[in-house]
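A.B. asks: When you get a sec, could you give me coordinates for this:
(one chain, ligands or ions: 2)
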Amino acid sequence: MKKDIEKILLDEKTLAKRIKELGQEISNDFMGEEIIMIGILKGSSIFLADLARQIDIPVYMDYMVVSSYGNSAQTSGVVRIIKDLEENIDGKNIIIVEDIIDTGLTLSYLRKSLMARNPKSIKICTLLDKPARREAEMVIDYKGFEVPDEFIIGYGIDYAEKYRNLPYVGILKREVYE
Ligand code: IMP
Ligand code: MG
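C.D. replies: Ligands and ions are numbered 1, 2, ... in the order given. Below you'll find the model as predicted:
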């Protein structure tokens, strides 16, 4: 896998340090309360597992699988829920946990659709933010890092289902996907 990596952007130590900070920030913001972390599968699974262990208030975990309608090159912004939440979020504090926000269309749609279920609060947490291609304006409440407009892989994030198990975040060589 290593030969496919153009550059390592965030190594294990850098990721761990920032995730610890995010965990402390979330713990402070919700002190005395409970939160449901909603992981968007599969990309956020490794980030969520590490982040949850840096939070010292009660954390419940639930997961969704979503997919954009149409081909991936032209995101329509309408997402199909492949796997829905198992728990009712009425009156609960929820934090949507994403791996990377690119156009923002997926999350802005998802946020709206979860809002209709009357949670007490909704926050958005993403490990990576790729602001260059943003189409849907959105507030990111907890953000790990900004990344350049390149194809990112590792630490949960894939290209064609590969590279998720890399312990770092890197840029994929163009020749792999072109
Ligand atoms: P968007 O914000 O609606 O454009 O889509 C975000 C989703 O696209 C993320 O959850 C990822 O699954 C995927 N994605 C966006 N950029 C990348 C990337 O650089 N590498 C791998 N997946 C990406
Ligand atoms: Mg994703």
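
A.B. asks: Next, count neighbours for Lys2.
C.D. replies: Neighbours of Lys2 under the rule other C-beta atoms under 10 Å: 7. Using the backbone N, CA and C atoms, a C-beta is placed for each residue, glycine as well.

A.B. asks: Would you mind stating the distance between Lys7 and ligand 1?
C.D. replies: To ligand 1, Lys7 is 13 Å away according to C-beta to the nearest ligand atom, to the nearest Å.

A.B. asks: you'd agree that residue is up against Leu172?
C.D. replies: No. Taking contacts as C-beta atoms under 8 Å, Lys7 lies outside contact range of Leu172: 9.6 Å.

A.B. asks: which stretches of the chain form helices?
C.D. replies: Along the chain, counting by DSSP state H, helices occupy 12-29, 45-52, 105-115, 174-177.

A.B. asks: deepest of the ones you listed, which one?
C.D. replies: helix 45-52 (a mean of 20; mean count of other C-beta atoms under 10 Å).

A.B. asks: Run the angle between it and helix 12-29 for me.
C.D. replies: Per axes from the mean of the first three to the mean of the last three C-alpha atoms, to 10 degrees, the angle that helix 45-52 makes with helix 12-29 is 50 degrees.

A.B. asks: Distance check, the residue nearest the centre of the chain against ligand 1.
C.D. replies: When C-alpha atoms, centre = their mean is applied to the chain, the residue found nearest the centroid is Glu98 (1.1 Å). Separation of Glu98 from ligand 1 (C-beta to the nearest ligand atom): 6 Å.

A.B. asks: Let me see the contact set for that residue.
C.D. replies: Taking C-beta atoms under 8 Å, 6 or more residues apart in numbering, we find Glu98 in contact with Ile40, Gly43, Ser44, Thr106, Leu107, Ile124, Cys125, Thr126, Leu127.

A.B. asks: near ligand 1, from those?
C.D. replies: Restricting the contacts of Glu98 to those touching ligand 1 (C-beta under 6 Å from any ligand atom) yields Gly43, Thr106.

A.B. asks: Which of the contacts of Glu98 has the largest number of neighbours?
C.D. replies: When neighbours are taken as other C-beta under 10 Å, the top entry among the contacts of Glu98 is Leu127 (31 neighbours).
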